[in-house]
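J.: Here is a sequence with its predicted model. Questions after.
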Amino acid sequence: MSLDLKSQIDQLEKFAADVSHELKNPLTSLQSANELLINSKISDHDKKILINNMKKDIKRMNRLITDIANYTKIKAEIEIENFEFINLPV
């Protein structure tokens, strides 16, 4: 049981690190685009490009969050499932 618990903790730590990494990339992109829009005198064409990139990053983050929610829901359902050992004839 202790090995199983350690394995679950390791999986959770890896999952948290992966989620953090995947969310930081679009957040950094959004922050940069936002700063450029606020602080820079850029052309309307470049503004449109930045805004489209921001829309893509927001969609990406929404998709990631939905995927994470679905993953944790499925994982929880699997963990509460009652498993039964059966002997199979050899």
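T.: In hand now; what should we look at?
J.: Ile58 contacts Ala33, doesn't it?
T.: No. Using Cβ atoms under 8 Å, Ile58 makes no contact with Ala33, being 10.6 Å away. Where C-beta positions appear, they are placed from N, C-alpha and C, glycine not excepted.
J.: who's more crowded, those two?
T.: Ala33 (18 against 12; other Cβ atoms under 10 Å).
J.: Please identify which helix or strand holds that one.
T.: helix 2-39 (DSSP states H and E).
J.: Give the next helix or strand downstream of that helix.
T.: According to DSSP H and E, the helix or strand after helix 2-39 is helix 44-80.
J.: Give me the residues contacting stretch 52-63.
T.: Leu23, Pro26, Leu27, Ser29, Leu30, Ala33, Asn34 (Cβ atoms under 8 Å, 6 or more residues apart in numbering).
J.: So which of the residues you listed is the closest to Glu79?
T.: Distance to Glu79, by Cβ to Cβ, is smallest for Leu23 among the contacts of stretch 52-63, at 24.2 Å.
J.: Number of residues surrounding Pro26?
T.: By other Cβ under 10 Å, neighbour count at Pro26 equals 19.
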